[in-house]
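Let me see the structure of the following:
(chains A and B)
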Amino acid sequence: MVERSSFRLMLLILGVVFAFLYIPISVLIGLSFNEGGLPTAWTGFSFKWYGALLENDDILRAAGNTLVVAIFSTLLSTILGTLLAVGVEIRRRNGKWLETVIFAPMIIPDIVLAIALLSFFSLLGVRMGLHTIIVSHVVFNLAFVCAVVRARLKSFDWSIVEASADLGASTFTTLRRVVVPVLMPAIVAGALLAFTLSVDEFIIAFFTAGAGRSSITLPMQIYAMIRFGVTPEINALATIVMTVSVIALALSQRLNKGGLPGQ
Amino acid sequence: MSQSFLSIQNVQKSFGRVKAVSGVDLDIRENEFFALLGASGSGKTTLLRMLAGFEQLSGGDVLLEGRSIADQPPNRRPVNLMFQSYALFPHMSVARNIAYGLEMDKLPQAQIRARVDEILQVIQLDHLAKRKPDQLSGGQRQRVALARALVKRPKVLLLDEPLGALDKKLRSEMQLELKRLQAEFGITFVIVTHDQEEALVMADRIAIMKDGGLLQVGTPKEIYEAPQTRFAADFIGVMNFLPVVRDGDDFVAANGATIKATRLNDPVAKAAVAAIRPERLAVGDAGDNTLRGVISAIAYHGLDLLLHIKTDVTDTPVIARMTADVAEAEGPAAGQEITVSWSARDTHIFAA
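Predicted coordinates:
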């Protein structure tokens, strides 16, 4: 039994930590609706800065680039990551070292991965642009999708795969009609996670985007703008990015927990 | 009726150095209800999985109607397996689960629907066709799994511990239900079970497996009345074992009493065991062999009683079965002295 006074102390520490976490975010969201635009004075509620975003071509192009990168890297990493997870689970004998290799991109610092990918692309003489960002994002997203699907596979009843074969299905039919549908909640959860990670990824995109403004993504655009001070436009943009990420993450978690009834 | 409908010829299976099945020969007849009975690790499930095609044979062959199926993958064999875990597809309704195998055979939709409806009525689950497996009880899931395998009308239906997950009452109902369905569909059933009672009730013939080999194959009556090995005698039903020593044509128990026996199963030099079923012991001394003791406990089973009798021939109590009406007349009580006897015909002798 924890004493009353020490329990109060713990509550206090929790409160301070939460305050430190959420007050800046709340301020940012608040200021994005501040009509005057100055962080020092509240002059009234307005969607003005969101409107300004829509007229900023640089931001719109960066948002478009980010969507392209996120969608394609999510698609690729979801398909490859799911197949990888199923494959690793089937050939579990060599699983230990395979797992280490697969999950390395999750542990390797982003900056190291970014430099490595940059050197690799230069070495191959690849012209860099959105496509190199997509490939680079697949590298680390693959690990996350694989991890989420693998977690689901731990409780997967493999006898349904045998049952499918026993009832006359080929391996591909079994994959399409049994394995993928049963894993679908985890696959979608993995995809949403990958999408979120890709949308706000900065370091790797920054290193592998190549020269020029044509392949600048949203986080890079924000970074460029912020050098001239935090504008209310950036507050509005950050609020949108955060909302999208939070929704995707919440969906991902919910899907992964609930899943199919009775699983 | 063909004598070798499903012919298992010298089938072997090794996992690395471990021999799971070592040289099994079996001929299973058409329309037969055949049980593979054994404890866990006896190789019965491995043998079944080889028949289904999930395990490659390490040696030997399996012929179905004279043609080898040993190299056919599971999805091409005219054989279906009902899984111990049922292995129902969790994302499909009952009807979709059952239709799956027929869809794989590319039957026309109308025919699939008709056959699914038909079998749903047979298993009396037509009102639950749209439910998902997790909305069913254990007994209902079991019947869906059975229907899904049966609806393809396989030449052989393999059942891996089909009743293992059910409670006792439901299990005895389903034993008869399985027998009824087998007769109705005219399909050869091969069932794996560790439950000797289940095998006795359902099967036309039983094969007892131990350590990857066959110990004895026969009808339930043959297996029960004439076990050929001490293991089989012990594994099936209840059996009293008395240590004896050979003395010419007869045997001598530990207390010096002579035991006459006519069923000699093993060549016995000196030490042996005499085995007698509890229901062959009768109160009194009218039989060929007699034993005296004290009733140590009485187990009431409704229709009959099992008397546990402490004797001077063996450490474990000798068990005698007494029907309820006899018990009413005799009024046995714990602590009472009792004399039981039995016939030489009912005495099996095995090597010690």
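
Low-confidence ranges, the stretch 101-250 of chain A, go.
Low-confidence regions of the stretch 101-250 of chain A, defined by pLDDT under 70, are absent; no residue qualifies.

What parts of it come near chain B?
Within the stretch 101-250 of chain A, the positions adjacent to chain B are A:157, A:159-160, A:162-170, A:173, A:177-178, A:181-182, A:184 by CB under 8 Å from any CB of the partner chain. In short, each C-beta sits where N, CA and C put it, glycine included.

Filter those residues down to the ones in helices?
If you go by DSSP state H, those have A:159-160, A:162-166, A:173, A:181-182, A:184 in helices.

got JSON lines for these, with neighbour count and distance to residue B:335 too?
Written out in JSON lines, the entries for these read as follows (neighbours: other CB atoms under 10 Å in any protein chain shown; distance: CB to CB, whole Å):
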{"residue": "A:159", "neighbour count": "18", "distance to residue B:335": "53"}
{"residue": "A:160", "neighbour count": "23", "distance to residue B:335": "58"}
{"residue": "A:162", "neighbour count": "19", "distance to residue B:335": "57"}
{"residue": "A:163", "neighbour count": "29", "distance to residue B:335": "57"}
{"residue": "A:164", "neighbour count": "25", "distance to residue B:335": "62"}
{"residue": "A:165", "neighbour count": "24", "distance to residue B:335": "62"}
{"residue": "A:166", "neighbour count": "28", "distance to residue B:335": "58"}
{"residue": "A:173", "neighbour count": "17", "distance to residue B:335": "69"}
{"residue": "A:181", "neighbour count": "16", "distance to residue B:335": "66"}
{"residue": "A:182", "neighbour count": "23", "distance to residue B:335": "62"}
{"residue": "A:184", "neighbour count": "16", "distance to residue B:335": "68"}
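
Where does the residue nearest the centre of chain A sit: helix, strand or coil?
Averaging the C-alpha coordinates of chain A gives a centre point, and the residue nearest to it by CA atoms, centre = their mean is residue A:197 (1.8 Å). At residue A:197, secondary structure determined by DSSP: H, G, I helix; E, B strand; the rest coil is helix.

tell me the contacts of it?
If you count contacts by CB atoms under 8 Å, 6 or more residues apart in numbering or on different chains, residue A:197 has them with A:137, A:140-141, A:144.

Distance check, it against residue A:130.
17 Å (CB to CB, to the nearest Å).

now swap in residue A:255 and tell me
28 Å.

Please look at residue B:272 and residue B:265 and confirm they touch.
No: distance between residue B:272 and residue B:265: 9.7 Å, which falls outside the contact criterion (CB atoms under 8 Å).

Tell me, how many residues neighbour residue 130?
By default, I'm working from chain A. Summarising burial for residue A:130: neighbours were counted as other CB atoms under 10 Å in any protein chain shown, giving 21.

you looked at the wrong chain, it should be chain B
As a burial measure, residue B:130 scores 10 neighbours (other CB under 10 Å).

My guess is it contacts residue B:97. True?
No: in this structure residue B:130 lies outside contact range of residue B:97 using CB under 8 Å: 11.3 Å.

got the residues of chain B near chain A?
Counting by CB under 8 Å from any CB, the residues of chain B that sit close to chain A are B:52-54, B:73-76, B:80-81, B:83, B:85, B:87-91, B:100-101, B:104-105, B:132-135, B:148-149, B:152.

what about 7 Å?
For chain B, the contact set with chain A under CB under 7 Å from any CB of the partner chain comprises B:52, B:54, B:74-75, B:80-81, B:83, B:85, B:87, B:89-91, B:100-101, B:104-105, B:132, B:134, B:152.

Restricted to strands, list those residues.
Among the residues of chain B next to chain A, the ones falling in strands (DSSP state E) are B:80-81.

Just the buried ones from the residues of chain B next to chain A, in ChimeraX syntax?
Selection of the buried residues among the residues of chain B next to chain A in ChimeraX, burial being defined by 16 or more other CB atoms under 10 Å in any protein chain shown:
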select /B:52,54,74,75,80,81,83,85,87,89,90,91,100,101,104,132,152
